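Engineer: fold the following for me, if possible:
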Amino acid sequence: MNDTFLKACRGEKTAYTPVWIMRQAGRYLPEYQKVRGKVDFLTLCKTPELAAEVTIQPVEILKVDAAILFSDILIPVESMGMKLEFSENKGPILYDPIRDEIDVLKLKNIKPEEDVPFVAEAIKILTRELKVPLIGFSGAPFTLATYMIEGGSSKNYINTKRMMYQTPELFNNLMAKITDVVINYLHSQISAGVQAVQIFDSWAGILSPVDFQGFALPYVKKIISALKSKYDIPVIYFAFNGSTMLKLVKQSGADVLGLDWRIDIADAADAVNREVSLQGNLDPCTLFGTKDLIKARVANILNSAKGAKGHIFNLGHGILPETPVENAIAMVEAVHALIAR
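Structural biologist: From the prediction side, this is the model:
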């Protein structure tokens with residue numbers, strides 16, 4: 001097992017900087033498209049053999065140092081009792097969005113072994129076949145709540161913030177329910193064999209610091225505390241567009257903080273007093289540049305990260321579907337070649 005990624009998560013010395021890519025199993029790969037052409041997205045997520053196949057693809061093609069389970073953050077939300085659909089044009093749609101106390105009361109906690117057994121089955125296949133660590137994941141409670149309240153993606157999150165500000169007790173009751181689900185969901189993934197987990201807070205950046213501290217952070221802290229009380233594996237917390245709140249984000253208790261591209265890693269390391277490892281943070285659109293540009297940007301980030309406790313190279317968000325595969329490969333090769341930690 002190549003454990004370079006796990007060592008970097010713990011801030012240990014590594015022979016080189018490990019790298020993986022968010023959404024690395026995705027539409028930019030022709031091999032993924034071939035599998036996806038046979039089934040719809042949800043069926044792909046729920047078929048362990050197919051989910052395992054597309055999880056492995058980027059490891060073999062890009063030579064990354066970690067795999068991340070192919071799934072979607074809304075899988076457990078569906079099991080809570082909400083009807084989920086993925087539209088090619090609109091993205092995820094959750095029917096009958098949560099708007100009042102009755103809606104919240106209807107939501108159930110989940111038993112992963114009964115409600116989402118395909119997740120553990122895929123993990124077990126992957127841990128037998130992979131030679132790099134496997135990352136499990138979940139959406140963070142706030143991000144999941146936004147989807148559940150808005151019914152899908154949103155521009156201004158008016159319904160979410162209206163609930164936060166007008167009926168905070170109701171919002172917190174919803175967050176508490178989601179938190180229990182996420183804890184159970186991640187427990188099941190770890191029990192099945194993942195060697196690290198990432199908590200995606202895709203919409204944390206829509207919050208002011210005071211609202212992040214009051215409405216989102218306590219629930220992430222509860223999840224990470226629950227995991228750490230039982231397991232000794234790295235936990236990554238990625239609060240997208242939250243670079244200005246890193247001192248608060250650090251309070252989550254995560255071993256690794258994911259960064260978008262809006263901050264220099266040297267500044268991020270200073271903000272967290274070099275006490276946690278950092279992950280990131282190349283702008284995904286850089287991969288549309290020349291190979292020389294990609295190599296230069298990689299070198300800049302690696303140089304900036306020298307003062308961090310540990311560094312895992314990644315994009316600042318998911319790889320885009322239009323990305324040339326050869327440019328993604330060039331990025332990984334540049335990371336591996338340019339620096340030894």
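
Engineer: and the helix or strand hosting Asn281, C-alpha only, in PDB?
Structural biologist: Per DSSP states H and E: Asn281 is located in strand 277-282. Provided in PDB are the C-alpha atoms of strand 277-282 (Å, rounded to 0.1, in the frame of the first residue of the first chain):
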ATOM      1  CA  SER A 277      -2.200  19.700   7.200                       C
ATOM      2  CA  LEU A 278      -3.500  21.500   4.200                       C
ATOM      3  CA  GLN A 279      -5.000  20.200   0.900                       C
ATOM      4  CA  GLY A 280      -5.200  22.100  -2.400                       C
ATOM      5  CA  ASN A 281      -5.300  24.400  -4.100                       C
ATOM      6  CA  LEU A 282      -4.900  24.800  -7.900                       C
END
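
Engineer: what helices and strands are in contact with that strand?
Structural biologist: The elements that strand 277-282 packs onto, with contact taken as 3 or more CB pairs under 8 Å, 6 or more residues apart in numbering; DSSP states H and E, are strand 256-258, helix 265-271, helix 291-304, strand 311-315. For every residue, glycine as well, the C-beta is placed using N, CA and C.

Engineer: and those, which is most packed in?
Structural biologist: strand 311-315 (a mean of 29; mean count of other CB atoms under 10 Å).

Engineer: okay, the helix or strand following that strand in CSV with CA atoms only?
Structural biologist: Sequence order places helix 325-338 as the next helix or strand after strand 311-315, per DSSP H and E. In CSV, the C-alpha atoms belonging to helix 325-338 read as follows (Å, rounded to 0.1, in the frame of the first residue of the first chain):
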residue,chain,number,x,y,z
VAL,A,325,-7.1,14.2,-19.7
GLU,A,326,-3.5,14.8,-20.8
ASN,A,327,-3.4,18.0,-18.8
ALA,A,328,-4.6,16.3,-15.6
ILE,A,329,-1.9,13.7,-16.1
ALA,A,330,0.7,16.5,-16.6
MET,A,331,-0.4,18.1,-13.4
VAL,A,332,0.0,14.8,-11.4
GLU,A,333,3.4,14.2,-13.0
ALA,A,334,4.6,17.7,-12.1
VAL,A,335,3.6,17.3,-8.5
HIS,A,336,5.4,14.1,-8.2
ALA,A,337,8.5,15.4,-9.9
LEU,A,338,8.9,18.8,-8.5
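
Engineer: buried sites along stretch 35-52?
Structural biologist: Neighbour counts over stretch 35-52 (16 or more other CB atoms under 10 Å) mark 35-36, 42, 44-48, 50-52 as buried.

Engineer: got those as a markdown table, with secondary structure columns?
Structural biologist: Output for the buried residues of stretch 35-52, formatted as a markdown table (DSSP: H, G, I helix; E, B strand; the rest coil):
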| residue | secondary structure |
| --- | --- |
| Val35 | helix |
| Arg36 | helix |
| Leu42 | helix |
| Leu44 | helix |
| Cys45 | helix |
| Lys46 | helix |
| Thr47 | coil |
| Pro48 | helix |
| Leu50 | helix |
| Ala51 | helix |
| Ala52 | helix |
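
Engineer: tell me the one of those nearest Leu105?
Structural biologist: Distance to Leu105 across these (CB to CB) is lowest for Leu42, with 26.1 Å.

Engineer: quick one, what contacts that closest one?
Structural biologist: 72, 84, 86 (CB atoms under 8 Å, 6 or more residues apart in numbering).

Engineer: cool, and Ala8?
Structural biologist: Shown in contact with Ala8 (CB under 8 Å, 6+ apart): 14, 17-18, 277, 310-312, 341.

Engineer: a markdown table for those residues, including pLDDT and distance to Lys155?
Structural biologist: Listed next are the contacts of Ala8 as a markdown table, based on pLDDT from 0 to 100; distance: CB to CB, whole Å:
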| residue | pLDDT | distance to Lys155 |
| --- | --- | --- |
| Thr14 | 95 | 41 |
| Thr17 | 97 | 36 |
| Pro18 | 98 | 35 |
| Ser277 | 98 | 33 |
| Gly310 | 97 | 36 |
| His311 | 98 | 33 |
| Ile312 | 98 | 31 |
| Arg341 | 44 | 40 |
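
Engineer: any idea which of those residues is closest to Pro218?
Structural biologist: Ser277 (23.0 Å).

Engineer: ok, that closest one touching Leu6?
Structural biologist: No: in this structure Ser277 lies outside contact range of Leu6 using CB atoms under 8 Å: 10.7 Å.

Engineer: and these two? which has more neighbours close in?
Structural biologist: In this view Ser277 and Leu6 are compared by other CB atoms under 10 Å, and Ser277 has more residues nearby, 25 against 21.

Engineer: how far away is that one from Met175?
Structural biologist: From Ser277 over to Met175 the distance is 27 Å, taken as CB to CB, to the nearest Å.

Engineer: excluding chain neighbours, what is closest to Lys83?
Structural biologist: Excluding the flanking residues, the one nearest Lys83 by CB to CB, 6 or more residues apart in numbering is Tyr95, at 4.2 Å.

Engineer: how far away is that neighbour from Ala254?
Structural biologist: 33 Å.

Engineer: sorry, back to before: other residues contacting the strand holding Asn281?
Structural biologist: For strand 277-282, contacts defined as CB under 8 Å, 6+ apart pick out 8-11, 236, 238, 255-261, 263, 265, 268-269, 272, 297-298, 301, 305, 308-316, 331.
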